[in-house]
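J.: missing the sequence, but the structure's below:
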């Protein structure tokens, strides 16, 4: 998001409210990745709820990917707190859900500060399990997902809480879990539309996650609490937008994050997790304020 939240000291992030969320089936001894989707659905009759606090910090001005001086000293912070509600419809192969984000943005320059809080753009989605192969202590699954982003966030005032456009997304995710190891691969195509005179460029996101059960090395009883480590690569490449049919050179580009994370699974129905994302590629087009880091902390719970 280009508009950004109130700056919070980094050390205080660890003490933020930890919300609820969904926990996928844990029969393969590993929780779902933190920033990448999973093809493992909730159990039959499954219902869950998830939330987390995600912070995005932007202070570096780039010109075609290279840092330049910023006379306006722009500093942006965004806090996004999505509430995610998945629901299995009729079986454990088909899932629908909604994502309602609460967004706080803070944008500061030498000319002054501007902050807002409210509901962002809501997403509705449906996910279907295409393929499943299970073996002893091993599973491999592929799922597809599609949805729509609705313009529920207020875009009229600055900083905007939404884009004002109705957009569509399509994705596929594969996951393989065996013993202590998990590997996940996801691709997402975002078909973006327009609002007023702006035609937003389409984008493609790609995620790769490696998970490893740190503790216990061997189960004495099952289930029992476990600690998982994750290392993810999360990237997005976006096309330039157009304003009045003229290309906006200061839009689009590629950002790729390296995202280590930790996850504690306390039982069949809940877990807590956190992740730090550091950009390893920040190749934005033209002049744009780049992301310095993001940090998220949250929890998931399976209700039924």
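T.: Received, thanks. Bear in mind that the values here come from a model prediction, so they are computed numbers and not experimental data.

J.: Neighbours of residue 110, how many?
T.: Residues lying near residue 110 (other Cβ atoms under 10 Å) number 9. Using the backbone N, CA and C atoms, a C-beta is placed for each residue, glycine as well.

J.: for residue 67, same thing?
T.: Residues lying near residue 67 (other Cβ under 10 Å) number 11.

J.: Quick one: residues contacting it.
T.: For residue 67, the contacting residues are 60, 61, by Cβ atoms under 8 Å, 6 or more residues apart in numbering.

J.: Tell me the bridge partners for it.
T.: On the basis of DSSP bridges, residue 67 is bridged to residue 62.

J.: Going along the chain, name the strands of the stretch 1-150 of the chain.
T.: For the stretch 1-150 of the chain, strands defined by DSSP state E, counting those that start in this stretch occupy the ranges 48-63, 66-67, 75-88, 94-109, 112-119, 123-135, 138-149.

J.: Can you lay out the ones you listed as TSV showing mean pLDDT?
T.: Putting the strands of the stretch 1-150 of the chain into TSV (pLDDT from 0 to 100) gives the following:
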stretch	mean pLDDT
strand 48-63	92
strand 66-67	96
strand 75-88	92
strand 94-109	95
strand 112-119	95
strand 123-135	96
strand 138-149	97
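
J.: Rebuild the ones you listed as CSV, extending it with distance to residue 268.
T.: What follows is the strands of the stretch 1-150 of the chain, written out as CSV (distance: least, Cβ to Cβ, whole Å):
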stretch, distance to residue 268
strand 48-63, 12
strand 66-67, 47
strand 75-88, 16
strand 94-109, 18
strand 112-119, 32
strand 123-135, 18
strand 138-149, 17
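
J.: and of those, who's closest to residue 249?
T.: strand 48-63 (10.7 Å; Cβ to Cβ).

J.: Provide a list of residues in contact with the residue most central in space within the chain.
T.: Nearest residue to the geometric centre of the chain (Cα atoms, centre = their mean): residue 35, 5.1 Å. By Cβ under 8 Å, 6+ apart, the contact list for residue 35 reads 207, 209, 232, 234, 257, 259, 261, 275, 277, 296.

J.: Which of the residues you listed are buried, as a PyMOL select command?
T.: What follows is the PyMOL syntax selecting those of the contacts of residue 35 that are buried according to 16 or more other Cβ atoms under 10 Å:
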select buried, resi 207+209+232+234+257+259+261+275+277+296
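
J.: Closest one of the contacts of residue 35 to residue 134?
T.: Distance ranking of those against residue 134, using Cβ to Cβ, places residue 209 first at 20.2 Å.
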